[in-house]
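J.: Build me a model from this:
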Amino acid sequence: MKIKRWIVLLCMVMLPMVTQAWGKEVTLNFKNADIRAFIEFVAGFSGKNFLVDNRVKGKVTIVSPTPISEDHAYDVFLSVLEVNGFAAVPSGSVIKIVPRAESKQKSLPVLTGNRGRDDDAMVTQVVRLKYADAQQLVALIRPLISPNSHLVAYPRGNMLLLTDSASNIHRITRILNLLDRKDAVGVQLFALKHASADKLATTITSLYGGGGAIGAGRAPGTPGGVKAIAHQPGNKLIVIGAPQIINEVANVIEKLDVAPVSDSGRLQVRYLKYANAEDVAKVLNALVGGQSAQSAAAKPGQSKPLFAGDVKVVADKATNALLITADPSDIKAVGRIIDQLDIRRRQVLLEALIVEVSGNGAQRFGVEWMAAGGSTVGVQNFKNLQPISAGIAANANAATPVSASAALAAAAPTGLTLGVVNKALSIGALVHAMESDSDSNVLSTPNLLTMDNEEAEIVVGKNVPFLTGQNVTQGGTANPFQTIERKDVGLTLRVTPQISDGNSVRLKIYQEISSVVPAANNNSGSSDIITKKRSIKTVVLANDGQMIVLGGLMQDDNSTTVQRVPCVGAVPLLGEPFKFTENTKTKTNLMVFLKPHIIKNGNQIEEITDRKYNNIQHLYQQPVEGGTVLFPQHKKQLPGSMRPGQAAGNSANGAAAPGQ
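T.: The predicted model follows:
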């Protein structure tokens, strides 16, 4: 009963439009028929199973008064689906009816070669070109396919991949056969971003040209022959050759046109902690320069160079940094050398004790005789004769002269002096006895802290002017002027330590003590300032903390002068009143004591600084006597914020010095 109803319903809708012919022929004649009913009709005579997507909807109108075969009727069915935007995709035992836009993502049949179909079924066709450029033909073929179809070029194989109806693909393949000619020559322009067009043109021509390794025996215009031309300005490359080869050349150009290795890989900035950047740069550049000279003269089989490429090191004095330009592998090698050079250098504290003892002694005892008028007849020419005569003459010519004895005593040297003058006999006698002794001690304790192999110097003294030249006239015109040179006078200590293995220190020492001779002691008759100078220049070797001594007795002068009256003065005991004796002694002794201390870490510096600070604090803050109730003597104190080891944040708390 149900079958009859279905037949009656189908006849009411389709019988007036469709006539089934005998001999497997079908007459299609539909007017505004539902597409789903049309699919059921095709399934009935074709025996195929269809899986219809829910989005498949629409009306179908077909005018076909004459019957056609079932195969042709199925082709009409595929055309109806294409017109309505649907496609039939085989999938095993069923055929899926889906929207045409999604059919290219389904498992469509894949056709190769010249085998093709004329129906409207969705297929995928692979077309291999022999001469034409697949990428260039894409722009030409794309307008010929529907928007829901797919077209892409595969440059490496110079192939086209099309997904469209079989009839349209068949039409496109006929067009491609006309375009894919043997005499096709492609010209392509490449705008380079990083590589040089001139250098790249030489590279491409050498690879693909007639004499190249790849294009040997080929010429531009033939398969495999390529000619590359650089176009300047613009850094562009023009490539002429077979289209299929141009695609391969384009791939090579893309790989060669890359940005160079960033300078960040070849440039490194190293900030040094302890070493001096300029000194380290000189050492490294000398090492690199020596390597270059050795590499130039090297012979096969000799040792390998230290660095693989060029290495350049520049020092930045402001930041104490090194700018290194080299290959990454060489930068690592240079970095290892810098790590060994940039270490905390040991320091040397040199404690010095400089002691200079000088003494002058003199003894005078005897009688000096003088004749009237300064005559020496019968009298020995004593040492003090002329000064005493001048003193007596000055007294005689004075406005208010004193007695002869007083004048004689005033003109005589210091000491116990008795003068007797006999005007009647014109004879004078000077009796005097004197002994003098002067000592002076110079004590200095300079301390020098310096790094290993660095010179240190301390100067304590005065800057004294010395007259080096003068002129009164110049060119006949009065133009007085003087030239003066200033020199340091005082104590100078200059030391260069060098620490060796075993905690021994090599000391290059220069020590000098100079002073200005007082005008009262200047008996040399010099017209300018006289300075005394004592210096020591030596090189010694001492252990850590070992005391060494330099210097010694530098001057010891003893002189004795005896003046007497001839004959009479030589008589023992009786001749004593007729002779004068003078003894002088001059002695200078300079001793320098040095004690080097090797400073290996910061704790040692703190310990020594604390000790020195406590010593100077004890001297500075010694109680001073004096003052009154109204004006008391204030106690001197060193700033608490400058105490060694005092943190900067504690200075505001007013830390008191020890002993308060």
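
J.: At which residues are the helices of this protein located?
T.: Per DSSP state H, the chain carries helices over the ranges 2-14, 35-46, 70-83, 100-103, 134-141, 166-179, 197-208, 243-256, 263-266, 277-296, 328-341, 385-396, 404-411, 602-620.

J.: Which secondary structure elements does the fifth one sit against?
T.: Using 3 or more C-beta pairs under 8 Å, 6 or more residues apart in numbering; DSSP states H and E as the contact definition, the elements that helix 134-141 packs against are strand 150-154, strand 159-165, helix 166-179, helix 243-256. Using the backbone N, CA and C atoms, a C-beta is placed for each residue, glycine as well.

J.: Kindly compare burial across the ones you listed and name the winner.
T.: Ranked by mean neighbour count, those are led by strand 159-165 with a mean of 21 (mean count of other C-beta atoms under 10 Å).

J.: That strand: how far from the chain's middle?
T.: On the basis of C-alpha atoms, centre = their mean, to the nearest Å, strand 159-165 is displaced by 61 Å from the centre of the chain it belongs to.

J.: on that earlier part again, of the helices of the chain, which is nearest Asn583?
T.: Among the helices of the chain, helix 385-396 comes nearest to Asn583, with 19.6 Å by C-beta to C-beta.

J.: Could you pull up the mean pLDDT of that closest one?
T.: Helix 385-396 shows a mean pLDDT of 52.

J.: Residue ranges in the stretch 1-150 of the chain under the pLDDT threshold?
T.: The stretch 1-150 of the chain contains residues with pLDDT under 70 at 1-23, 104-105, 113-118.

J.: Quick check: bridge partners of the spatially most central residue of the chain?
T.: Centrality entry for the chain: nearest residue to the mean C-alpha point is Leu322, 2.1 Å, by C-alpha atoms, centre = their mean. Leu322 has these beta-bridge partners by DSSP bridges: Arg270, Ala315.

J.: tell me the contacts of it?
T.: Neighbouring residues of Leu322 by C-beta atoms under 8 Å, 6 or more residues apart in numbering: 269-270, 272, 277, 280-281, 284, 313-316, 338.

J.: quick one: it and Asp198, what's the gap?
T.: Distance of Leu322 to Asp198, computed by C-beta to C-beta, to the nearest Å: 36 Å.

J.: quick one on the thing from earlier: going through the contacts of Leu322, which ones are buried?
T.: Neighbour counting over those (16 or more other C-beta atoms under 10 Å) leaves 270, 272, 277, 280-281, 284, 313, 315, 338 as the buried ones.

J.: ok so, going back, ok, which of the helices of the chain comes nearest Asn471?
T.: Shortest distance between Asn471 and the helices of the chain, using C-beta to C-beta, is found for helix 385-396: 34.8 Å.

J.: Serialize the helices and strands packed on helix 134-141 to TSV and add fields for distance to Gln637.
T.: Output for the helices and strands packed on helix 134-141, formatted as TSV (distance: least, C-beta to C-beta, whole Å):
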stretch	distance to Gln637
strand 150-154	92
strand 159-165	96
helix 166-179	105
helix 243-256	79
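
J.: Kindly state which of the ones you listed is positioned closest to Met451.
T.: For these, proximity to Met451 was assessed by C-beta to C-beta; helix 243-256 is nearest, at 53.5 Å.

J.: what angle sits between the closest one and helix 134-141?
T.: Counting by axes from the mean of the first three to the mean of the last three C-alpha atoms, to 10 degrees, helix 243-256 points 120 degrees away from the direction of helix 134-141.

J.: and helix 243-256 with strand 150-154, angle?
T.: Using the same axes, to 10 degrees, helix 243-256 lies at 70 degrees relative to strand 150-154.

J.: Please enumerate residues in contact with helix 243-256?
T.: Residues contacting helix 243-256 (C-beta under 8 Å, 6+ apart): 129-136, 155-156, 158, 184-186, 188, 190, 192, 195, 200, 203-204, 207-208, 215, 223-226, 228, 237, 239, 241.

J.: so who does Asn453 touch?
T.: Neighbouring residues of Asn453 by C-beta under 8 Å, 6+ apart: 496-498.

J.: Can you find the helix or strand in the protein with the smallest mean pLDDT?
T.: Using mean pLDDT, DSSP states H and E, strand 19-21 stands out as the lowest-scoring helix or strand of the chain, at a mean of 41.

J.: that older thread, could you dump the helices of the chain to TSV with distance to Lys508?
T.: Below are those laid out as TSV (distance: least, C-beta to C-beta, whole Å):
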stretch	distance to Lys508
helix 2-14	123
helix 35-46	110
helix 70-83	104
helix 100-103	93
helix 134-141	80
helix 166-179	92
helix 197-208	59
helix 243-256	62
helix 263-266	43
helix 277-296	19
helix 328-341	23
helix 385-396	51
helix 404-411	55
helix 602-620	22
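
J.: closest one to Gln482 among these?
T.: helix 385-396 (32.4 Å).

J.: so where's the stretch 151-300 of the chain uncertain?
T.: Looking at the stretch 151-300 of the chain by pLDDT under 70, you get 182-185, 210-225, 243-244, 260-265, 290-300.

J.: closest to Phe365 out of the helices and strands packed on helix 134-141?
T.: Closest of the helices and strands packed on helix 134-141 to Phe365 is helix 243-256, at 111.3 Å (criterion: C-beta to C-beta).

J.: in terms of contact, does Tyr131 touch Ala242 like I think?
T.: Yes - if you go by C-beta atoms under 8 Å, Tyr131 and Ala242 touch, sitting 6.6 Å apart.

J.: Looking at these two, which one has more neighbours?
T.: Applying other C-beta atoms under 10 Å to Tyr131 and Ala242 shows that Ala242 carries more neighbours, namely 28 against 17.

J.: Verify the contact between that one and Val187 for me.
T.: No - contact criterion C-beta under 8 Å: Ala242 and Val187 do not qualify, at 11.1 Å.

J.: quick one, what contacts Leu349?
T.: By C-beta under 8 Å, 6+ apart, the contact list for Leu349 reads 447-449, 596-597, 599, 608.

J.: May I see these arranged in a markdown table, with pLDDT as well?
T.: Shown next, in a markdown table, are those (pLDDT from 0 to 100):
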| residue | pLDDT |
| --- | --- |
| Asn447 | 87 |
| Leu448 | 88 |
| Leu449 | 90 |
| Pro596 | 92 |
| His597 | 91 |
| Ile599 | 89 |
| Ile608 | 84 |
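
J.: In strands only, show me those residues.
T.: Among the contacts of Leu349, DSSP state E puts 447-449, 596-597, 599 in strands.

J.: For Val60, state which of those residues is nearest.
T.: Nearest member of the ones in strands among the contacts of Leu349 to Val60, counting by C-beta to C-beta, is Ile599, at 104.5 Å.

J.: show me the contacts for the spatially closest residue to the closest one that is not a sequence neighbour.
T.: Among residues not flanking Ile599 along the chain, Gln347 sits closest, at 4.0 Å (C-beta to C-beta, 6 or more residues apart in numbering). With contact taken as C-beta under 8 Å, 6+ apart, Gln347 is in contact with 449-452, 598-599, 605.

J.: which of these has the most neighbours?
T.: Ile599 (21 neighbours).

J.: Report the beta-bridge partners for the nearest residue to Ala134 once chain neighbours are set aside.
T.: Of all residues not flanking Ala134 in the chain, Ala153 sits nearest, at 4.0 Å (C-beta to C-beta, 6+ apart). Ala153 has these beta-bridge partners by DSSP bridges: Leu160.

J.: quick one: Ala153 from Asn177, how far?
T.: 17 Å.

J.: got it, and Met591?
T.: 115 Å.

J.: ok, the closest residue to Lys533 other than its chain neighbours - how many residues close by?
T.: Nearest non-adjacent residue to Lys533, counting by C-beta to C-beta, 6+ apart: Ser514, 4.3 Å away. Ser514: 18 surrounding residues under other C-beta under 10 Å.

J.: Quick check: Ser514 touching Val460?
T.: No - Ser514 is beyond contact range of Val460, at 11.3 Å (criterion: C-beta under 8 Å).

J.: Common neighbours of those two, please.
T.: Common neighbours of Ser514 and Val460 (criterion: C-beta under 8 Å, 6+ apart): Gly490.
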